[in-house]
Structure formats: structure tokens, C-alpha cells
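Student: turn this into a structure:
(2 chains)
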Amino acid sequence: AQSVAQPEDQVNVAEGNPLTVKCTYSVSGNPYLFWYVQYPNRGLQFLLKYITGDNLVKGSYGFEAEFNKSQTSFHLKKPSALVSDSALYFCAVRASGSARQLTFGSGTQLTVLP
Amino acid sequence: KAGVTQTPRYLIKTRGQQVTLSCSPISGHRSVSWYQQTPGQGLQFLFEYFSETQRNKGNFPGRFSGRQFSNSRSEMNVSTLELGDSALYLCASSSGQGDVNEQFFGPGTRLTVL
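Tutor: Now for the predicted structure:
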């Protein structure tokens, strides 16, 4: 079985500061990892994915994520946070070659303070 | 391209009734997945359809069913509604071919069961 842990329900950061949203995963075989963002009363928007290759993945809106196989982590980062980044962030995983459903973490509410 | 659309956006039903939700995927996408989002359980996979066939199924009771039409549009049906079925139901589409395509989500249907 595959699982995702987002250890922080809430992350607060000042505007202009770097932000990190943590994610660890468990999966059999090679992982496919995704980050999505959800704004109030909206569906999920895709930010970035890791399939293979470089451990640092760049995505939309200046976000990036670092894949660390030994620590089974896939933390989301941004060098300089914006107030408009405030939203609910989800990490998701599926195993390569397996059924295509995503297993999501519980979500992390990011608040960027002006 | 137009995004994933879901109708209706909001629904209020009473216990024991049934409900049908609709999802139109991005043009050219053949895979449609359904997820249930609740505050307590988070995002949970319901099922996936590809080329009118259910390809994967999550761990939900048989009251939850779905289908996909030849134009890739999908419907989800919940019979004998229970209070616990109140949730945001999200539909996601992807090309369904290859192994690594991300899913694109619709805005969701907010179902309230009274």
C-alpha cells in the first residue's frame, strides 16, 4: 500500500521569506510524486511532478520540490513567498506501473503573512 | 483548451435519496477519475474510467457507482444517501495513456445531505 504524510497541518511564513511544505511518502517501487494546490471553493491545481531524473523539480508559480530517495521525501519550496500563495497544499503519490489513482496527504494550510 | 467541468456545482439532498453528478473532461482526455474530499477523511479515490471501462476502484461501498460515455464524459451516482456522504466530489481527467500524466481537476460538486 502507498501512503503520504504531511506532518504540518499549518505553515505560516512572512511574505518575502522562503517557504517549505513537507511531504514524506511510502510506496513499493519507484514513486511518481505530485504537488497540488487548492484555493477556497476550487478544485485542485497541478503544481509540479517528479517522475525520474533531476531531484530538483521546477513547477508553476515559482514553486519547486526536492526529491530525496533516501529520506523518502518530496518537500515543496519557494524562495520568496507571496500573500497570494496562501492556500491548501496537497502532496500525492502513486507507484510506477501501478493503478493510476493518486494517494493524497492530508494537506497543509499555508498562510503567508503580509 | 477548456478545463474540466462539473455539474452541478452545489446539491442539497436528503437521506435516502440518490444523486447523479456529471463531469466533462478536457478535450482529448480519455481517463476520468473521481475523488471524495471531506474534512475528516481528506481526499479519497473513488474510481477511474478509461474508454468507457472502469479501470480502478477505491474502497467505497456499492452505493457509489459511475460510468463513462463514448465522448469521455462521466457520471457518478450515489444511491441511498447517508449524512456521511456530504462532501466535495472532485473529478479529474488525464490523457490516460502512458504512465506519468498528471491529472487535471474540476472545481468539484459540493453535496450536502440533510
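Student: the helix or strand of chain B with the lowest mean pLDDT: what's the following helix or strand?
Tutor: The helix or strand with the lowest mean pLDDT-type score in chain B, counting by mean pLDDT, DSSP states H and E, is strand B:53-57 (a mean of 90). Scanning forward in sequence from strand B:53-57, with DSSP states H and E defining helices and strands, the next element found is strand B:64-68.
Student: okay, how far is it across stretch B:38-58, tip to tip?
Tutor: When the termini of stretch B:38-58 are compared using C-alpha to C-alpha, to the nearest Å, they are 15 Å apart.
Student: other residues contacting that stretch?
Tutor: Taking C-beta atoms under 8 Å, 6 or more residues apart in numbering or on different chains as the criterion, the residues outside stretch B:38-58 that touch it are A:90, A:99-107, B:30-37, B:59-60, B:64, B:66-70, B:74, B:76, B:86-90, B:96. C-beta here means a position set from N, CA and C on the backbone, and glycine is covered the same way.
Student: what helix or strand is the residue minimising distance to the centre of chain B located in?
Tutor: Central residue of chain B (C-alpha atoms, centre = their mean): B:W34, 3.1 Å from the mean position. Element membership for B:W34, per DSSP H and E: strand B:31-38.
Student: could you check the angle that strand makes with strand B:53-57?
Tutor: In terms of direction (axes from the mean of the first three to the mean of the last three C-alpha atoms, to 10 degrees), strand B:31-38 departs from strand B:53-57 by 40 degrees.
Student: and strand B:31-38, what's buried?
Tutor: Within strand B:31-38, the residues that qualify as buried by neighbour count (16 or more other C-beta atoms under 10 Å in any protein chain shown) are B:S31, B:V32, B:S33, B:W34, B:Y35, B:Q36, B:Q37.
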